[in-house]
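S.K.: fold the following and give me the result.
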Amino acid sequence: MIVIKDFHFDAAHQLTNYYGKCETLHGHRYGLSVGVKGTKDSSTGMLFDFCKLKEIVTNAVLAKLDHSLLNDYIENPSAENIAEWIFDVLTPLLKTETCFLWKITVSETPTSHVELTKEDYERYTK
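M.R.: Next comes the predicted model:
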């Protein structure tokens, strides 16, 4: 079972290793989707409380990235690198005995997004 919560944040960035219009400073209204996978608790009927998920993501990610210059936190902040940074931050915070961070989706526009799963994250970061 998977619990997914969606978020938005506004931020600016410039791609430092890119030659094109995205190399200049610009901003986006980013979409962020966080998926936690595992088994539900039989007494509560929940895998992960939506309110707790919102609190964790808001405090650990959105408090830093919303209305910021992403280059201050992430080297060459492409959507791929933003997804990886968020995965780094949230992995230890969303791990319990019964669930784990399974997937992050970062959208730069309504039609362009990056998905990073736990399997891919572990492959790329090891």
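
S.K.: what does Ile82 show for phi and psi?
M.R.: phi -60, psi -40 (degrees, to the nearest 10).

S.K.: mind listing what it touches?
M.R.: Tyr30, Leu65, Leu70, Ile74, Val106, Val114 (C-beta atoms under 8 Å, 6 or more residues apart in numbering). Where you see a C-beta, it was placed from the backbone N, CA and C, and this is true even at glycine.

S.K.: mark which of those are buried, thanks.
M.R.: Tyr30, Leu65, Leu70, Ile74, Val106, Val114 (16 or more other C-beta atoms under 10 Å).

S.K.: which two in those are spaced the farthest apart?
M.R.: Greatest spacing in these, by C-beta to C-beta: Leu65 and Val114 (14.9 Å).

S.K.: before we move on, back to that, nearest to Ile86 among the contacts of Ile82?
M.R.: Val106 (7.0 Å).

S.K.: so that closest one sits in a helix?
M.R.: No - counting by DSSP: H, G, I helix; E, B strand; the rest coil, Val106 is not found in a helix; it is strand.

S.K.: which residues sit in contact with it?
M.R.: Tyr30, Gly31, Leu32, Ala79, Ile82, Ala83, Ile86, His113, Val114, Leu116.

S.K.: got it, and Glu84?
M.R.: Counting by C-beta under 8 Å, 6+ apart, Glu84 has contacts Leu116, Tyr121, Tyr124, Thr125.

S.K.: now the phi/psi pair for the residue lying closest to the last one once chain neighbours are set aside, please.
M.R.: Excluding the flanking residues, the one nearest Thr125 by C-beta to C-beta, 6 or more residues apart in numbering is Glu84, at 7.3 Å. Taking degrees, to the nearest 10, you get phi -70, psi -40 for the backbone angles of Glu84.

S.K.: next one, pLDDT for Glu84 please.
M.R.: The model reports Glu84 with a pLDDT of 96.

S.K.: go ahead and flag the most central residue of this structure.
M.R.: The chain has Ile86 as the residue nearest its centroid, 4.2 Å off, counting by C-alpha atoms, centre = their mean.

S.K.: so what's that one up against?
M.R.: Leu32, Val34, Val61, Ile104, Val106.
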